[in-house]
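1. Quick one: sequence plus predicted model below, questions after.
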Amino acid sequence: MSFKFSREDAADLINMIRRRRPQWTEKGILSQLQTAAEHGASLGQVTTAAENTWNNPKAKTPAALLWAEHWEVTTTKAVNLSGARYCVECNPARKHPIADMTQVGPGQWICDGHGPGKEDNA
């Protein structure tokens, strides 16, 4: 596993999360951190998502760490890579894998065909 942050950083973050969500297992949290790291998330992005997650009463399991609503859009590419979203530019609206999407606002996504510098692919 390669992190944009160290294993020690991950361990510290796991401890912070478990102090706030003691029912969550270290293994479950680590699995979500690995997924985020494999998709290029930085320590700052993961820490922000973790804080947003532990403050969300709807977040019942570590899987919530990857919910799109917990990630701030700090780059044009989405960090959360689970599921699919509808492109707000496709006409008619089409659902695309999240890995092929860019978040352009809260709950708003565009497919790579509509990304910056792309011509309309609809």
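-> Received the coordinates, thanks.
2. so residue 86 bridges to which residues?
-> Taking DSSP bridges as the rule, residue 86 bridges to residue 95.
3. what pLDDT does it get?
-> Note on residue 86: pLDDT of 76.
4. Over to the one 5 residues further on?
-> With respect to pLDDT, residue 91 has a value of 69.
5. Ok, the one 3 residues further on next?
-> The model reports residue 94 with a pLDDT of 77.
6. Also residue 105?
-> 67.
7. Could you list the domains of this structure?
-> 7-70, 84-114 (automatic domain parsing).
8. ok, which stretches of the chain are strands?
-> Per DSSP state E, the chain carries strands over the ranges 84-86, 95-97, 101-105, 108-111.
9. Let me have those strands in JSON lines, adding distance to residue 6 as columns.
-> C-betas here are computed from N, CA, C, even on glycine. Shown next, in JSON lines, are these (distance: least, C-beta to C-beta, whole Å):
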{"stretch": "strand 84-86", "distance to residue 6": "32"}
{"stretch": "strand 95-97", "distance to residue 6": "30"}
{"stretch": "strand 101-105", "distance to residue 6": "27"}
{"stretch": "strand 108-111", "distance to residue 6": "31"}
